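>>> predicted model follows, preceded by the sequence.
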Amino acid sequence: MAINPADFDYISKIVREQCAIVLEKGKEYLVESRVMPLVHQEKLESIETLVRKIKSDPRGSLKDAVIEAMTTNETSFFRDIHPFETLKKVIIPELLEKRKLKKELNIWCGASSSGQEPYTLVMLLKNEFPQLNTWKLNFSASDISNQMLNRCKSGIYSQLEINRGLPAPLMVKYFERIGTEWQVKEELRKMIQFRIINLSERWPMMPQLDLVMMRNVLIYFDVEMKKDILGRIRKLLRPDGYLFLGAAETTLNLDENFERMPFKQSGCYRLKQG
Ligand SMILES: C[S@@+](CC[C@H](N)C(=O)[O-])C[C@H]1O[C@@H](n2cnc3c(N)ncnc32)[C@H](O)[C@@H]1O
């Protein structure tokens, strides 16, 4: 069932207003494939009926459900591997040395989807840097999606999700079996504060950050929104802190205060020094 141009425009408009995701012309197939399951679930006739219902009740839950459906939640444990190698070999050892007197690290994972990224990082910290046990670790992870946040908090993953990138020794060490699924052990789950943050709106107060993971989310926004978000990260990041972006993302031509670090395919940036 094809979406008509007016309904496509309307859905694009509410998605952009609510979460800054840009759906350009040509993405009709994407909207159709994401929204049709909702149409069936709600036992509606068509996308047209869905749009009519949202227009008649713009504050209702259907609108939120469309926004949820239009966010791309693709993620995996140790996604792209290189950033995590760089964190393990260079960035975390350097931060541990620099913060050894205060013994405090502040980390934010800004689009955590179903949680594989923050849990990867927390496993890496626990497994490779046991000295952190005596440190104060402020680790927050956020996403715009309620559904994703609930998944993060539960820390429950299917065998298929586990198979995508999680090394067996880490699974054995940090997960417990529940039925056919696997749950991150409580000691790790309680190390992360999960919360809703819409990157396109006001952010809550945060401490000065040592490390920001903002991977594979800027790609969905327009140039102005990317600039705005990078500018706000710049203010939150400590002068010697680090920012990680996704493989297809950059600060180039968006914020010249950042410089890319020369670590192979890591998407690692810091503020220009001096
Ligand atoms: C492709 S996932 C990236 C997950 C993870 N960072 C990674 O690289 O594997 C993008 C996430 O960004 C979230 N997102 C989209 N728009 C957002 C917004 N305006 N504010 C916060 N999160 C948003 C989506 O809900 C989704 O979970």
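Looks like it came in fine.

>>> separation between Asp143 and the ligand?
As judged by CB to the nearest ligand atom, to the nearest Å, Asp143 and the ligand stand 5 Å apart. For glycine as for every other residue, the C-beta is placed from the backbone atoms N, C-alpha and C.

>>> the nearest residue to that residue once chain neighbours are set aside and the ligand, how far apart?
If the residues on either side of it in the chain are set aside, Asp143 comes closest to Ser112, at 5.1 Å by CB to CB, 6 or more residues apart in numbering. Applying CB to the nearest ligand atom, the value for Ser112 to the ligand is 6 Å.

>>> wait, what's in contact with Ser112?
Ser112 sits next to Pro118, Ala141, Ser142, Asp143, Met148, Cys152, Phe194 when contact means CB atoms under 8 Å, 6 or more residues apart in numbering.

>>> mind telling me what element the residue of the chain most remote from its centre is part of?
Using CA atoms, centre = their mean, the residue of the chain lying farthest from its centre is Glu45. It sits 33.5 Å away. Using DSSP states H and E, Glu45 falls within no helix or strand.

>>> tell me, how many residues neighbour the residue nearest to it when sequence neighbours are not counted?
Closest residue to Glu45 apart from its sequence neighbours, by CB to CB, 6+ apart: Val39 at 7.8 Å. Val39 has 18 neighbours, counted by other CB atoms under 10 Å.

>>> what about Val39, which SS state?
Three-state call for Val39 (DSSP: H, G, I helix; E, B strand; the rest coil): helix.

>>> give me the number of residues near Lys190?
The burial count for Lys190: 8, using other CB under 10 Å.

>>> do the one 10 residues further on as well
Taking other CB under 10 Å as the neighbour definition, Ser200 ends up with a count of 17.

>>> tell me the SS of the residue nearest to Asp143?
Going by three-state DSSP: Ser112 is coil.
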